[in-house]
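>>> Predicted model, plus sequence, below.
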Amino acid sequence: MLVAFFIALVAGIAAFYWLILKNSAEKIAKQYTRLAESYDLELSLPEPAMGGFIRPEPSVYGRVEGREVSISVPGKGLQNTRQIETVLKLEIGDYSLAAQLTGKGLLGNFRQRDSRGMERWKSGHERFDHAVEARTNDAAVLEHLLNEERRDAVVPLLRKGKGSIYIGSGVLAYAELGLIANAAQRERFESVLELFLRFAEALESG
(Lines give C-alpha, C1' and ligand atoms only; values in the text may rest on other atoms or scores of the structure.)
Protein backbone atom coordinates (compact mmCIF):
# COMPACT_ATOMS: atom_id res chain seq x y z
CA MET A 1 0.00 0.00 0.00
CA LEU A 2 2.79 2.38 0.93
CA VAL A 3 4.69 1.56 -2.28
CA ALA A 4 1.59 2.21 -4.40
CA PHE A 5 1.06 5.54 -2.66
CA PHE A 6 4.70 6.52 -3.26
CA ILE A 7 4.49 5.59 -6.95
CA ALA A 8 1.26 7.59 -7.34
CA LEU A 9 2.83 10.57 -5.58
CA VAL A 10 5.90 10.52 -7.83
CA ALA A 11 3.73 10.16 -10.92
CA GLY A 12 1.58 13.10 -9.81
CA ILE A 13 4.60 15.32 -9.19
CA ALA A 14 6.07 14.37 -12.58
CA ALA A 15 2.78 15.15 -14.34
CA PHE A 16 2.50 18.49 -12.56
CA TYR A 17 6.08 19.40 -13.50
CA TRP A 18 5.42 18.34 -17.11
CA LEU A 19 2.38 20.62 -17.29
CA ILE A 20 4.38 23.55 -15.90
CA LEU A 21 7.10 23.00 -18.51
CA LYS A 22 4.55 22.71 -21.32
CA ASN A 23 2.72 25.88 -20.27
CA SER A 24 5.96 27.84 -19.95
CA ALA A 25 7.23 26.61 -23.32
CA GLU A 26 3.98 27.59 -25.01
CA LYS A 27 4.16 31.11 -23.59
CA ILE A 28 7.76 31.52 -24.77
CA ALA A 29 6.97 30.09 -28.23
CA LYS A 30 4.08 32.55 -28.58
CA GLN A 31 6.38 35.54 -27.97
CA TYR A 32 9.02 34.26 -30.42
CA THR A 33 6.31 33.71 -33.02
CA ARG A 34 5.23 37.33 -32.59
CA LEU A 35 8.84 38.49 -33.00
CA ALA A 36 9.25 36.42 -36.16
CA GLU A 37 6.03 37.77 -37.64
CA SER A 38 6.78 41.39 -36.73
CA TYR A 39 10.22 41.43 -38.38
CA ASP A 40 9.81 38.69 -40.99
CA LEU A 41 12.41 36.49 -39.32
CA GLU A 42 12.97 32.75 -39.50
CA LEU A 43 11.57 31.00 -36.44
CA SER A 44 13.17 27.89 -34.95
CA LEU A 45 11.00 25.85 -32.58
CA PRO A 46 12.99 22.73 -31.56
CA GLU A 47 11.00 19.60 -30.77
CA PRO A 48 10.82 18.64 -27.07
CA ALA A 49 12.80 15.61 -25.93
CA MET A 50 12.45 12.97 -23.21
CA GLY A 51 8.68 12.97 -23.42
CA GLY A 52 8.48 16.75 -23.09
CA PHE A 53 10.65 17.09 -19.99
CA ILE A 54 13.41 18.76 -22.03
CA ARG A 55 12.20 21.69 -24.11
CA PRO A 56 14.96 23.60 -25.96
CA GLU A 57 14.39 27.34 -26.28
CA PRO A 58 13.15 28.85 -29.57
CA SER A 59 15.19 31.34 -31.59
CA VAL A 60 14.70 33.76 -34.46
CA TYR A 61 17.15 34.72 -37.18
CA GLY A 62 17.14 36.81 -40.33
CA ARG A 63 17.72 40.32 -41.62
CA VAL A 64 16.21 43.63 -40.58
CA GLU A 65 16.99 46.63 -42.78
CA GLY A 66 19.68 44.54 -44.44
CA ARG A 67 21.44 43.61 -41.19
CA GLU A 68 21.74 40.13 -39.71
CA VAL A 69 19.83 39.80 -36.46
CA SER A 70 19.24 36.94 -34.05
CA ILE A 71 17.53 36.42 -30.71
CA SER A 72 18.44 33.23 -28.89
CA VAL A 73 19.41 31.66 -25.58
CA PRO A 74 23.10 30.67 -25.45
CA GLY A 75 24.04 27.34 -23.94
CA LYS A 76 25.78 28.90 -20.95
CA GLY A 77 24.54 31.47 -18.48
CA LEU A 78 25.91 34.49 -16.69
CA GLN A 79 29.50 33.98 -15.58
CA ASN A 80 29.94 32.00 -12.35
CA THR A 81 26.16 31.46 -12.03
CA ARG A 82 23.46 29.18 -13.41
CA GLN A 83 21.37 32.12 -14.58
CA ILE A 84 20.47 31.91 -18.27
CA GLU A 85 20.35 34.87 -20.63
CA THR A 86 18.43 35.78 -23.75
CA VAL A 87 20.68 37.57 -26.23
CA LEU A 88 19.82 39.83 -29.17
CA LYS A 89 22.59 40.40 -31.72
CA LEU A 90 22.66 42.86 -34.62
CA GLU A 91 25.35 43.05 -37.28
CA ILE A 92 27.16 46.36 -37.79
CA GLY A 93 29.84 47.46 -40.24
CA ASP A 94 32.07 49.10 -37.61
CA TYR A 95 34.66 46.73 -36.16
CA SER A 96 36.77 49.25 -34.26
CA LEU A 97 34.55 50.21 -31.31
CA ALA A 98 34.46 48.03 -28.21
CA ALA A 99 32.17 49.00 -25.33
CA GLN A 100 29.91 47.62 -22.67
CA LEU A 101 27.07 49.27 -20.79
CA THR A 102 25.76 47.64 -17.62
CA GLY A 103 23.62 48.83 -14.75
CA LYS A 104 25.39 50.14 -11.67
CA GLY A 105 25.57 47.84 -8.65
CA LEU A 106 26.61 44.30 -7.75
CA LEU A 107 24.62 42.61 -10.53
CA GLY A 108 26.11 45.03 -13.04
CA ASN A 109 29.58 44.06 -11.88
CA PHE A 110 28.80 40.38 -12.47
CA ARG A 111 27.57 41.20 -15.97
CA GLN A 112 30.77 42.90 -17.06
CA ARG A 113 32.54 40.77 -19.65
CA ASP A 114 36.15 40.95 -20.85
CA SER A 115 36.98 44.64 -20.28
CA ARG A 116 40.69 44.51 -21.04
CA GLY A 117 41.71 47.60 -23.00
CA MET A 118 38.51 49.41 -22.04
CA GLU A 119 38.42 52.30 -19.61
CA ARG A 120 35.50 53.62 -17.60
CA TRP A 121 33.63 56.34 -19.47
CA LYS A 122 31.34 59.05 -18.12
CA SER A 123 28.97 61.05 -20.26
CA GLY A 124 28.94 64.06 -17.95
CA HIS A 125 25.16 63.74 -17.55
CA GLU A 126 24.15 62.88 -13.99
CA ARG A 127 21.11 60.69 -14.69
CA PHE A 128 22.98 58.48 -17.14
CA ASP A 129 26.22 58.25 -15.15
CA HIS A 130 24.32 57.45 -11.94
CA ALA A 131 22.54 54.51 -13.60
CA VAL A 132 25.05 53.10 -16.09
CA GLU A 133 28.55 51.67 -15.78
CA ALA A 134 30.18 52.28 -19.19
CA ARG A 135 33.53 51.08 -20.51
CA THR A 136 35.03 51.60 -23.95
CA ASN A 137 38.21 51.58 -25.99
CA ASP A 138 37.21 54.82 -27.75
CA ALA A 139 35.60 57.54 -25.64
CA ALA A 140 35.10 59.92 -28.58
CA VAL A 141 33.18 57.38 -30.66
CA LEU A 142 31.03 56.30 -27.70
CA GLU A 143 30.22 59.93 -26.93
CA HIS A 144 29.13 60.41 -30.55
CA LEU A 145 27.01 57.27 -30.37
CA LEU A 146 25.31 58.14 -27.07
CA ASN A 147 23.69 61.46 -27.80
CA GLU A 148 20.97 62.70 -25.43
CA GLU A 149 18.13 60.84 -27.17
CA ARG A 150 19.97 57.52 -27.20
CA ARG A 151 21.21 57.93 -23.60
CA ASP A 152 17.62 58.48 -22.50
CA ALA A 153 16.63 55.26 -24.27
CA VAL A 154 19.44 53.18 -22.74
CA VAL A 155 18.77 53.95 -19.06
CA PRO A 156 15.23 52.50 -18.78
CA LEU A 157 16.19 49.45 -20.86
CA LEU A 158 19.03 48.54 -18.53
CA ARG A 159 16.92 49.25 -15.46
CA LYS A 160 13.70 47.43 -16.41
CA GLY A 161 15.29 44.37 -17.97
CA LYS A 162 18.44 44.40 -15.85
CA GLY A 163 20.15 43.88 -19.19
CA SER A 164 23.52 44.82 -20.61
CA ILE A 165 24.75 46.14 -23.94
CA TYR A 166 27.97 44.90 -25.53
CA ILE A 167 29.62 46.28 -28.67
CA GLY A 168 32.53 44.66 -30.45
CA SER A 169 33.75 42.67 -33.46
CA GLY A 170 31.06 44.06 -35.71
CA VAL A 171 28.16 43.15 -33.41
CA LEU A 172 25.76 45.01 -31.15
CA ALA A 173 24.50 42.66 -28.44
CA TYR A 174 21.90 43.00 -25.69
CA ALA A 175 21.80 40.33 -22.97
CA GLU A 176 19.01 40.02 -20.41
CA LEU A 177 18.60 37.50 -17.62
CA GLY A 178 15.74 35.08 -18.12
CA LEU A 179 13.52 34.15 -21.04
CA ILE A 180 11.05 36.06 -23.22
CA ALA A 181 7.89 34.70 -21.65
CA ASN A 182 5.46 37.63 -21.81
CA ALA A 183 4.50 40.62 -23.94
CA ALA A 184 6.38 43.15 -21.79
CA GLN A 185 9.66 41.27 -22.24
CA ARG A 186 9.07 40.85 -25.98
CA GLU A 187 8.31 44.55 -26.37
CA ARG A 188 11.53 45.41 -24.53
CA PHE A 189 13.54 43.33 -27.01
CA GLU A 190 11.71 45.06 -29.85
CA SER A 191 12.70 48.42 -28.34
CA VAL A 192 16.33 47.26 -28.12
CA LEU A 193 16.29 46.21 -31.77
CA GLU A 194 14.93 49.60 -32.84
CA LEU A 195 17.58 51.33 -30.72
CA PHE A 196 20.34 49.14 -32.17
CA LEU A 197 19.28 50.05 -35.69
CA ARG A 198 19.79 53.72 -34.76
CA PHE A 199 23.12 52.83 -33.12
CA ALA A 200 24.26 51.11 -36.31
CA GLU A 201 23.36 54.10 -38.48
CA ALA A 202 25.16 56.48 -36.12
CA LEU A 203 28.32 54.36 -36.01
CA GLU A 204 28.50 53.90 -39.76
CA SER A 205 27.77 57.56 -40.50
CA GLY A 206 30.89 58.54 -38.56
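Ah, there it is. Numbering: from 1, shown residues only.
>>> give me the low-pLDDT residue ranges for this protein?
Residue ranges of the chain with pLDDT under 70: 1-23, 47-55, 75-83, 105-117, 206.
>>> Do a quick rundown of the helices in it.
Assigned by DSSP state H, the helices in the chain fall at 2-39, 106-110, 126-131, 139-145, 148-161, 183-205.
>>> need those in JSON lines with distance to residue 167, can you?
C-betas here are computed from N, CA, C, even on glycine. Shown next, in JSON lines, are the helices of the chain (distance: least, CB to CB, whole Å):
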{"stretch": "helix 2-39", "distance to residue 167": "21"}
{"stretch": "helix 106-110", "distance to residue 167": "16"}
{"stretch": "helix 126-131", "distance to residue 167": "16"}
{"stretch": "helix 139-145", "distance to residue 167": "8"}
{"stretch": "helix 148-161", "distance to residue 167": "12"}
{"stretch": "helix 183-205", "distance to residue 167": "8"}
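>>> how close does residue 192 get to residue 120?
Distance, residue 192 to residue 120, using CB to CB, to the nearest Å: 23 Å.
>>> higher neighbour count, those two?
residue 192 (24 against 10; other CB atoms under 10 Å).
>>> what sits against the more buried one?
Contacts here follow CB atoms under 8 Å, 6 or more residues apart in numbering; on that basis residue 192 touches 88, 157, 163, 174.
>>> which pair in these spans the largest distance?
Pairwise distances across the contacts of residue 192 peak at 11.0 Å for 88 and 157 (criterion: CB to CB).
>>> so what's in contact with the two at the same time?
Common neighbours of residue 88 and residue 157 (CB under 8 Å, 6+ apart) are 174, 192.
>>> more neighbours, the two?
Neighbours around residue 88 and residue 157, counted as other CB under 10 Å, are more numerous at residue 88. The numbers are 24 against 21.
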